[in-house]
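Peer 1: Next come a sequence and a model predicted from it.
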Amino acid sequence: MSAQVIDGKAYAEGLRQRVAVAVGQLKATHKLTPGLAVVLVGEDPASQVYVRNKHKQTIEAGMESFEHRLPASTPEAELLALVDKLNQDPSVHGILVQLPLPAQIDANKVINSINPDKDVDGFHVVNAGRLATGQDSLVPCTPKGCVMLAKDKLGDLTGLEAVVIGRSNIVGKPVAQLLIAESCTVTIAHSKTKNLADVVRRADLVIAAVGRPEMVKGSWIKPGACVIDVGINRVEVDGKGKLVGDCDYASCAQVAGSITPVPGGVGPMTIACLLRNTLHAACALNGIAMPKL
Ligand code: NDP
C-alpha cells in the first residue's frame with residue numbers, strides 16, 4: 001500500500017485565498033481592515049523566517065501588518081507595555097508575540113497580558129479554557145491546521161481512535177481538545193508513555209508532535225490510518241541540511257492510508273490559520289458575523 005499524500009501547501013493556499021476574499025468583502029461592506037501585530041524579541045534565526053513569512057502573507061491577504069522588533073535585552077516590563085499599547089490600539093485585531101522569548105522574560109506572563117479577544121495564537125489561558133469547555137475561542141493555529149487537513153481527507157471524524165503524540169500547550173493539548181470536539185476517542189501519549197508503538201497502532205488518526213526526527217516508524221501504524229506529522233526537524237544528510245518530520249515518512253507511507261509530507265504538510269497551515277484567526281478576531285471585536293470560509 002502506498003499512502004495518499006495530504007497536500008497541506010495546496011490546502012493552505014486555498015484557505016489564504018478564501019481569507020483574502022472575505023477581507024475584501026469586509027473592507028467593502030464595513031470599511032474594516034483586519035490588522036495583525038507581530039512582536040519579535042531578539043534574533044532567533046527560525047523566528048526571523050517565520051515573522052518575515054507572516055508579514056508577507058498578511059499583506060497578501062489584504063490585511064494590515066504591524067511589525068515590532070525589539071532587542072534580545074528588552075526588559076519584561078517594556079514588552080508588557082508594548083502589548084498593553086497594542087491591546088488599546090483599535091487598528092490592531094490580532095497580537096502575536098513570537099516564541100521563544102529571551103530568558104529574562106516570563107512567556108506565560110506576556111501571553112496572558114494579551115487581550116484574549118486579540119490572542120490570535122490562542123495560547124492565552126482564557127482561550128485554552130474556552131477551547132476545553134467547548135466555548136467559541138481563538139484556537140491555536142497549528143492544531144487547527146492539523147484537524148482541517150484530517151477532516152478534508154477523512155470527512156467526519158466521529159468515533160475515530162485518535163492518538164496524539166506530544167502534550168505541549170502549543171500543539172499536543174489543543175489538538176487533543178479539538179479532536180474531542182470532533183467526537184474522536186483521544187489518547188495523548190508523551191515521553192513517559194509505555195509501549196508507545198502499541199498505543200499508536202490503535203489509531204485511525206495519528207498526530208505526531210514530538211520534535212524527534214523520524215521517531216514514528218511504519219511498523220507502529222495501523223494499515224490505512226491517517227498520519228498527520230507536525231514535526232519540523234532539521235537534520236544533516238550527506239553534509240546538507242534537510243527538514244524531516246517526527247514520522248519516518250518512507251516506512252509510514254507504505255502502511256498509512258494518507259500522510260502529510262514534511263515540508264509541505266502541516267507547516268503551511270499554521271500561517272493560513274493565523275490569518276483566519278485574525279479575520280475572526282477583527283469580526284468578533286466589531287460585532288460582525290465571521291464569514292464562512
Ligand atoms: P515540545 O518539545 O513542547 O513537546 C514535545 C512533546 O513530545 C512533549 O509532550 C514530550 O513529552 C513528547 N515527547 C518527547 N520525546 C518523546 C518520546 N520519545 N516519546 C513520546 N513522546 C515524546 O514540542 P512542540 O509541541 O512545541 O513541537 C513538536 C514538534 O512540532 C516539533 O518538531 C516542532 O518543531 C513542531 N512544530 C511545528 C509547527 C508548525 O508546523 N508550524 C508549530 C509548532 C511545532 P513530555 O511532555 O513527557 O516531555
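Peer 2: Good, I have the coordinates. Quick caveat: nothing in here was measured; it's all calculated off a predicted structure.
Peer 1: What's the local residue count around the closest residue to Lys27 other than its chain neighbours?
Peer 2: Spatial nearest neighbour of Lys27, chain neighbours left out: Thr33 (5.7 Å); criterion: CB to CB, 6 or more residues apart in numbering. Quick note: C-beta positions are derived from backbone N, CA and C, even for glycine. Here the number of neighbours of Thr33 (other CB atoms under 10 Å) works out to 14.
Peer 1: Give me the below-cutoff pLDDT ranges for this protein.
Peer 2: 1 (pLDDT under 70).
Peer 1: What are the contacting residues of the longest helix anywhere in the chain?
Peer 2: In the chain, taking DSSP state H as the definition, the longest helix is helix 8-30. Contact with helix 8-30 is made by 32-34, 57, 60-63, 145, 148-149, 152, 260-261, 264-269, 271-273, 275-276, 279, 282-283, 286, 288, 291, 293, as judged by CB atoms under 8 Å, 6 or more residues apart in numbering.
Peer 1: Buried ones among those residues?
Peer 2: Neighbour-count burial within the contacts of helix 8-30 applies to 32, 34, 57, 61-63, 145, 148-149, 260-261, 264-269, 271-273, 275-276, 279, 282-283; the criterion is 16 or more other CB atoms under 10 Å.
Peer 1: I'd say the residue nearest to Lys27 and Glu64 touch.
Peer 2: Yes - at 5.5 Å, Thr33 counts as touching Glu64 under the criterion of CB atoms under 8 Å.
Peer 1: Now do the shared contacts for those two.
Peer 2: Residues within reach of Thr33 and of Glu64 at once, by CB under 8 Å, 6+ apart, are Ser91.
Peer 1: What separation do you get for Gln57 and Pro45?
Peer 2: Distance of Gln57 to Pro45, computed by CB to CB, to the nearest Å: 19 Å.
Peer 1: scratch that, Glu67 is what I was asking about
Peer 2: From Glu67 to Pro45 the distance is 17 Å (CB to CB).
Peer 1: more crowded one of the two?
Peer 2: Glu67 (14 against 7).
Peer 1: Would you mind giving the secondary structure of the more buried one?
Peer 2: strand (DSSP: H, G, I helix; E, B strand; the rest coil).
Peer 1: tell me the contacts of the nearest residue to Ile6 once chain neighbours are set aside?
Peer 2: Nearest residue to Ile6, sequence neighbours excluded (CB to CB, 6+ apart): Thr260, at 4.6 Å. Applying CB under 8 Å, 6+ apart to Thr260 gives the contacts Val5, Ile6, Gly8, Leu149, Val227, Ile228, Asp229, Gly245, Val266.
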